[in-house]
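A.B. asks: Give me the fold of what follows.
(one chain, ligands or ions: 2)
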Amino acid sequence: MIEVGGAIIDKDTVIAEPVYLVLDGDIIERYERGTYPCEGGEPVNLIRKPNRVAIPGLVNTHGHAAMTLLRGAGDDLPLMTWLNERIFPLEDKLTEDAIYWGTQLAAWEMLVSGTTTYTDMYMMMDHAAKAVAESGIRAVLSVGVVGFNDVSRENGMQRSRSFHGNWHRQASGRITVTLGPHAPYTCPPDYLTEIAELAKELDVPIQIHLSETQTEVVNSQGDHSLTPIALAEKVGLFDVPTLAAHCVHVTDADLDIMARRGVRIAHNPQSNLKLGSGIAPLPKMLEKGIVVGLGTDGAASNNNLDMFEEMRLAATLHKGVAQDAEVIPAAVAFDLATAMGAKACFLGQLHGTLKPGAAADIVLLDAASPHLLPQHNLLSNVVYACGADDVRDVFVAGRQVVSGGEPLTIDVERVRAEVARIKEQLVK
Ligand SMILES: CSC[C@H]1O[C@@H](n2cnc3c(O)ncnc32)[C@H](O)[C@@H]1O
Ligand SMILES: [Zn+2]
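C.D. replies: Residues are numbered from 1 along each chain as shown. Ligands and ions are numbered 1, 2, ... in the order given. Take a look at the predicted model:
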């Protein structure tokens, strides 16, 4: 049982008074308004935190966790220069050990900033999954694959298949495996078709980067006479549930395809701004009924994994673009960062809420923080005022993984030392 001073159950249910959550293992059994009636003494499993506000754990729908190791290694460059000149040469030096420690660093950063579920597309993913299992976070993982030649194509298929066999639904069900074709500009059309076939066989969704920059769209039009999204549909990618990251440069016809085919979008406002890619038309996506989540992308293009920043940016950026303060209200931004984000990355209907039957992924904020005072509107305070520093306690699948702002599952001194060592190897 967790008793708190207030809770946001979901975007529509805000309780600005004492409330307690009753857990049944890794699930929320129910919530009740008021304090827990302690007739006959206080139960041993009652966590009483009147100075906390409970929200669902935040869901980060796009990223590359171990890129924490490359934070600050290439800034102020456009996407393709950033990738080709800075990131790919460093990634060539990453080892299995580096992926493990880079993912530990990411899990630490995400858990203490209130993210309980994240998605990942990267390399040597068995080692990322090990860090997920140990840290207690929940994750939707994929081996990132490219199809430059026959060897990379075959490797990608084999690695994806074996990663699925090793990790799908493992770590007490906290890991979901998906397939991760990097992008249409790194995976030729027939390779995308092969990947879609494998996804059907394994019965798993796909995550991919789509239409991130104008250059990508212009090149796709030149090479295939189709936008990346129209191409993805043509090659059969959308026959499988798909989560498309970015979708910054999209036509109305692209969005119609995505709405019709149930393609989800991961909106990464901070990364898109930092790489100078542009601003995705989030209001239009939502008007068309597309399921959208928020993502940080990797820590080398953001440069942090703080979902409070993405939530606030989603709620403010689009008001400025549209010159309309009514666009993306606080409740919608909160939904994108929680329940709709969970739908975007293929988790259960109730995931990202504190409703009965939802996974017990719960974040407790410091109700005494200046950001939560006064409480004219609790949801507004969380979206427009709170930040990662207000996170005090975090539970994933009913297990406490952060207490008083400190991670319980991560040896932070060890992570600091290993990351410093790996950084020296990378720059040698
Ligand atoms: C094949 S593993 C994933 C691959 O993606 C690269 N990456 C990181 N951020 C982005 C982005 O915004 N657009 C495209 N590709 C990106 C990452 O460095 C890995 O090489
Ligand atoms: Zn990405």
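A.B. asks: Contact partners for residue 252?
C.D. replies: Neighbouring residues of residue 252 by Cβ atoms under 8 Å, 6 or more residues apart in numbering: residue 284. (Glycine included, C-beta is placed from N, CA and C.)
A.B. asks: Got the phi and psi for the residue nearest to residue 347 when sequence neighbours are not counted?
C.D. replies: Once flanking residues are discounted, residue 347 sits nearest to residue 117: 6.8 Å by Cβ to Cβ, 6 or more residues apart in numbering. Residue 117 adopts backbone torsions of phi -130, psi 140, taken as degrees, to the nearest 10.
A.B. asks: pretty sure residue 117 is in contact with residue 62, am I right?
C.D. replies: No - counting by Cβ atoms under 8 Å, residue 117 does not reach residue 62; the two are 12.0 Å apart.
A.B. asks: Around ligand 1, pick out the residues from the stretch 151-300 of the chain.
C.D. replies: Residues of the stretch 151-300 of the chain lying close to ligand 1 (Cβ under 6 Å from any ligand atom) are 182, 183, 209, 212, 271, 297, 298.
A.B. asks: can you do 8 Å?
C.D. replies: Applying Cβ under 8 Å from any ligand atom, we find that the stretch 151-300 of the chain lies next to ligand 1 at 180, 182-183, 186, 209, 212, 245-246, 268, 271, 275, 277, 297-298, 300.
A.B. asks: Among these, name the ones in strands.
C.D. replies: In this view, these that belong to strands under DSSP state E are 180, 209, 245, 246.
A.B. asks: Can I get those in CSV including neighbour count and pLDDT?
C.D. replies: Below are those laid out as CSV (neighbours: other Cβ atoms under 10 Å; pLDDT from 0 to 100):
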residue, neighbour count, pLDDT
180, 28, 98
209, 26, 98
245, 28, 99
246, 29, 98
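A.B. asks: from those residues, which is closest to residue 15?
C.D. replies: The nearest member of those to residue 15, counting by Cβ to Cβ, is residue 245 at 33.7 Å.
A.B. asks: Who are the packing partners of the helix or strand containing residue 126?
C.D. replies: Per DSSP states H and E: residue 126 is located in helix 125-135. Under the contact criterion of 3 or more Cβ pairs under 8 Å, 6 or more residues apart in numbering; DSSP states H and E, helix 125-135 touches helix 96-112, strand 138-145, helix 150-167, strand 175-181.
A.B. asks: next one: the last one to chain centre, how far?
C.D. replies: By that I understand strand 175-181. 13 Å (Cα atoms, centre = their mean, to the nearest Å).
A.B. asks: got the angle for that strand vs helix 150-167?
C.D. replies: Relative orientation of strand 175-181 and helix 150-167, computed by axes from the mean of the first three to the mean of the last three Cα atoms, to 10 degrees: 170 degrees.
A.B. asks: what's in contact with the helix holding residue 126?
C.D. replies: Here helix 125-135 has contacts from 65-66, 96-97, 99-101, 103-104, 107-108, 111, 120, 122, 138-139, 141-143, 159, 163, 166-167, 170-171, 174-175, 401, 407, 409-410, using Cβ under 8 Å, 6+ apart.
A.B. asks: I'd like to know which of those residues are buried.
C.D. replies: Among the contacts of helix 125-135, those that count as buried by neighbour count (16 or more other Cβ atoms under 10 Å) are 65-66, 99-101, 103-104, 107-108, 111, 120, 122, 138-139, 141-143, 159, 163, 167, 171, 174-175, 401, 407, 409-410.
A.B. asks: Now residue 9: closest residue in space that isn't a chain neighbour?
C.D. replies: residue 354 (4.6 Å).
A.B. asks: So the one you found versus ligand 1, what's the distance?
C.D. replies: According to Cβ to the nearest ligand atom, to the nearest Å, residue 354 and ligand 1 sit 32 Å apart.
A.B. asks: likewise residue 364?
C.D. replies: 31 Å.
A.B. asks: give the contact list for that residue.
C.D. replies: Contacts for residue 364 (Cβ under 8 Å, 6+ apart) come out as 2, 4, 49, 52, 53, 54, 391, 392, 393, 394.
A.B. asks: do that again at 6 Å, thanks
C.D. replies: With contact set as Cβ atoms under 6 Å, 6 or more residues apart in numbering, residue 364 has these partners: 49, 52, 54, 392, 393.
A.B. asks: Farthest-apart pair in those residues, please.
C.D. replies: 54 and 392 (10.6 Å).
A.B. asks: And those two? Which one has more around it.
C.D. replies: More crowded of residue 54 and residue 392, by other Cβ atoms under 10 Å: residue 54, with 26 against 23.
A.B. asks: per-residue confidence at the more buried one?
C.D. replies: On the pLDDT scale, residue 54 is placed at 98.
A.B. asks: and what of the one 5 residues further on?
C.D. replies: Per-residue confidence at residue 59 stands at 99 (pLDDT).
A.B. asks: which residue sits closest to it in space, ignoring its chain neighbours?
C.D. replies: residue 341 (3.5 Å).
A.B. asks: can you check residue 246 too?
C.D. replies: residue 212 is the one closest to residue 246 (Cβ to Cβ, 6+ apart), at 4.0 Å.
A.B. asks: List the residues that contact the one you found.
C.D. replies: 246, 248, 277.
A.B. asks: phi, psi of the spatially most central residue of the chain?
C.D. replies: Closest to where the C-alpha atoms of the chain average out (Cα atoms, centre = their mean) is residue 60, at 1.6 Å. Taking degrees, to the nearest 10, you get phi -100, psi 110 for the backbone angles of residue 60.
A.B. asks: And it, how close does it get to ligand 1?
C.D. replies: Noted for residue 60: a distance of 14 Å to ligand 1, by Cβ to the nearest ligand atom.
A.B. asks: which SS class is the closest residue to that residue other than its chain neighbours?
C.D. replies: Counting by Cβ to Cβ, 6+ apart, residue 118 is the residue found nearest to residue 60 once chain neighbours are left out, at 4.1 Å. Three-state call for residue 118 (DSSP: H, G, I helix; E, B strand; the rest coil): strand.
A.B. asks: quick one: pLDDT of residue 118?
C.D. replies: The model's pLDDT for residue 118 equals 98.
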